[in-house]
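Enquirer: Here you go, sequence then predicted model.
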Amino acid sequence: MPKPRYLMIGGFLGAGKTTGILKIAERLKQQGLTVGLISNDQSFGLVDTGMFAAKGFSVEEITGGCFCCRFNSLVEASQKLAAGPRPDVFIAEPVGSCTDLKATVDYPLRRLYGDDYQVAPLSVMLDPIRAMRILGLEQGKSFSSKVNYIYGKQLEEADLLVINKIELLAAEKLESLRSALHERFPKAKILAVSARTDIGIDAWHEAILGSAAQTSGTMDVDYQMYAEGEALLGWLNCAATFSSDREFDGNALIGELAREIQTGLNSRGIEIAHLKMTFAPDEGSDLAVVNLVRTEIEPELAWKLQEPLGSGEMIVNLRAEAAPEMLREVVGSALDNVAAAHQIACQRQHMEVFRPGKPVPTHRLAAV
């Protein structure tokens, strides 16, 4: 029996990793292959895990730190997924603020578990508008230099640089971005895709499965700068229930809540890295999903509920360059305002805010 493939698909917050992973996973499933998915975050209550499960994939969630700091948990998650029918392909999605994955995850996997897995090239996805701004190709809101340091390091270590959401760019701007990436990161293969519309997915799928991960040494990483950059990002995970004695439009409710959060962040001058929200009825597998990846654009209702509902659970994952308590204040006010406007009861089940701690990798290898 051939060894299962191990895919890691990284990229900064808001790059579209979850949508991209689902596209690749669905392609593999169509080929008759079984897929196990591993999500990851600094805390629990992940929108991504719910989205993976809603599509019918086996999924394990690693919380409390990134893959590099929870390497043993990553291996254990793979073993749990393999306890039933062993997946032919594992796909792991690291935290969007994590970098140095080649030295801390890829190389250790190949050295310690090379008999168990065939590690595929590291894909790093990027939002083209965010990339244009950080690379200085376009004006607009961005992050501080220490956060951008992490972004740059993510691109530097990629085997495959995957420009996602290409429908957002005119052809000449896409070419400009390709050229800039090639000039700065000449070792990476550059692909252009739209995970939302399927453009370029076949070529990416072929690149992932048709070659092995590169071994190009270890990049220099200033872990103090890396830690300070992560610590500038505020993290909020929230779960709340909405209920009423009459049915209501859950799509309208989640959209309004996203706009209320956006208004609160905008008024404080806070740039969103990623706002992801799900709303699910108490029964059944229906799911609404909202995404917002920059403060100045409209929230996107990516998945819609098919029916009105009487009660359900809202999950909110917000990452932004701001003090965590400020995020708590914004989201708390938004929940109260939307519930009052719709005359629906809102009960907060969980709300946690924090800054990611300093990364301390379990392993860091210079080579396989």
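Expert: Happy to help now that I have it.
Enquirer: Check the secondary structure at the residue nearest to Tyr113 when sequence neighbours are not counted for me.
Expert: Of all residues beyond its chain neighbours, the one nearest Tyr113 is Val75 (6.8 Å), with distances taken as C-beta to C-beta, 6 or more residues apart in numbering. For every residue, glycine as well, the C-beta is placed using N, CA and C. Taking DSSP: H, G, I helix; E, B strand; the rest coil as the rule, one finds Val75 in the helix state.
Enquirer: and what of Arg319?
Expert: strand.
Enquirer: wait, it sits on Asn237?
Expert: No. With contact defined as C-beta atoms under 8 Å, Arg319 does not reach Asn237; the gap is 9.7 Å.
Enquirer: Between the two, which has more neighbouring residues?
Expert: Arg319 (25 against 22; other C-beta atoms under 10 Å).
Enquirer: That one bridge partners, please.
Expert: On the basis of DSSP bridges, Arg319 is bridged to Trp235, His274.
Enquirer: how close does it sit to Arg355?
Expert: Arg319 sits 11 Å away from Arg355 when distances are taken as C-beta to C-beta, to the nearest Å.
Enquirer: Now do the buried residues in stretch 94-112.
Expert: Neighbour-count burial for stretch 94-112 flags 94-110 (criterion: 16 or more other C-beta atoms under 10 Å).
Enquirer: sorry, that was for stretch 278-289
Expert: Buried, per 16+ other C-beta under 10 Å, within stretch 278-289: 278-281, 286-289.
Enquirer: now swap in stretch 323-332 and tell me
Expert: Applying 16+ other C-beta under 10 Å to stretch 323-332 flags 324, 326-328, 330-332 as buried.
Enquirer: same check, this time on stretch 21-30
Expert: Those buried within stretch 21-30 under the rule 16+ other C-beta under 10 Å are 21-29.
Enquirer: Any chance of a markdown table for the residues you listed, columns secondary structure, distance to Asn337 and pLDDT?
Expert: What follows is those, written out as a markdown table (DSSP: H, G, I helix; E, B strand; the rest coil; distance: C-beta to C-beta, whole Å; pLDDT from 0 to 100):
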| residue | secondary structure | distance to Asn337 | pLDDT |
| --- | --- | --- | --- |
| Ile21 | helix | 34 | 97 |
| Leu22 | helix | 32 | 96 |
| Lys23 | helix | 35 | 97 |
| Ile24 | helix | 38 | 97 |
| Ala25 | helix | 37 | 97 |
| Glu26 | helix | 37 | 96 |
| Arg27 | helix | 42 | 95 |
| Leu28 | helix | 43 | 96 |
| Lys29 | helix | 41 | 95 |
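Enquirer: Any chance of a markdown table for those, columns distance to Leu155?
Expert: Converted to a markdown table, those look like this (distance: C-beta to C-beta, whole Å):
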| residue | distance to Leu155 |
| --- | --- |
| Ile21 | 19 |
| Leu22 | 23 |
| Lys23 | 21 |
| Ile24 | 20 |
| Ala25 | 24 |
| Glu26 | 26 |
| Arg27 | 24 |
| Leu28 | 26 |
| Lys29 | 29 |
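Enquirer: quick check, nearest of the residues you listed to Gly36?
Expert: Ala25 (9.3 Å; C-beta to C-beta).
Enquirer: which non-adjacent residue is nearest that closest one?
Expert: Nearest to Ala25 is Val35, by C-beta to C-beta, 6+ apart, at 4.6 Å.
Enquirer: thinking that neighbour is in contact with Arg27, fair?
Expert: No. Between Val35 and Arg27 there is no contact under C-beta under 8 Å: 9.5 Å.
Enquirer: Go through the buried residues of stretch 278-289 and name the one nearest Met8.
Expert: Val289 (23.0 Å).
Enquirer: and the closest residue to Ala345 other than its chain neighbours, what does it touch?
Expert: Leaving aside its sequence neighbours, Ala345 sits nearest to Ser243 (C-beta to C-beta, 6+ apart; 5.1 Å). Going by C-beta atoms under 8 Å, 6 or more residues apart in numbering, Ser243 touches 310-312, 344-345, 347.
Enquirer: For the helix or strand containing Ser243, output the C-alpha coordinates as PDB.
Expert: Per DSSP states H and E: Ser243 is located in strand 234-248. Output of strand 234-248 as PDB, limited to C-alpha atoms (Å, rounded to 0.1, in the frame of the first residue of the first chain):
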ATOM      1  CA  GLY A 234      -5.600  40.400  18.600                       C
ATOM      2  CA  TRP A 235      -7.400  37.100  18.500                       C
ATOM      3  CA  LEU A 236     -11.100  36.600  19.400                       C
ATOM      4  CA  ASN A 237     -13.100  33.400  19.300                       C
ATOM      5  CA  CYS A 238     -16.800  33.600  20.300                       C
ATOM      6  CA  ALA A 239     -19.800  31.300  20.300                       C
ATOM      7  CA  ALA A 240     -23.300  32.600  20.900                       C
ATOM      8  CA  THR A 241     -26.800  31.300  20.400                       C
ATOM      9  CA  PHE A 242     -29.700  33.200  18.900                       C
ATOM     10  CA  SER A 243     -33.300  32.100  19.500                       C
ATOM     11  CA  SER A 244     -36.800  33.300  18.900                       C
ATOM     12  CA  ASP A 245     -40.400  32.000  19.200                       C
ATOM     13  CA  ARG A 246     -40.800  32.800  15.500                       C
ATOM     14  CA  GLU A 247     -38.700  31.800  12.500                       C
ATOM     15  CA  PHE A 248     -36.200  34.400  11.300                       C
END
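Enquirer: how about it: buried residues?
Expert: Buried, per 16+ other C-beta under 10 Å, within strand 234-248: 234-240, 242-243, 248.
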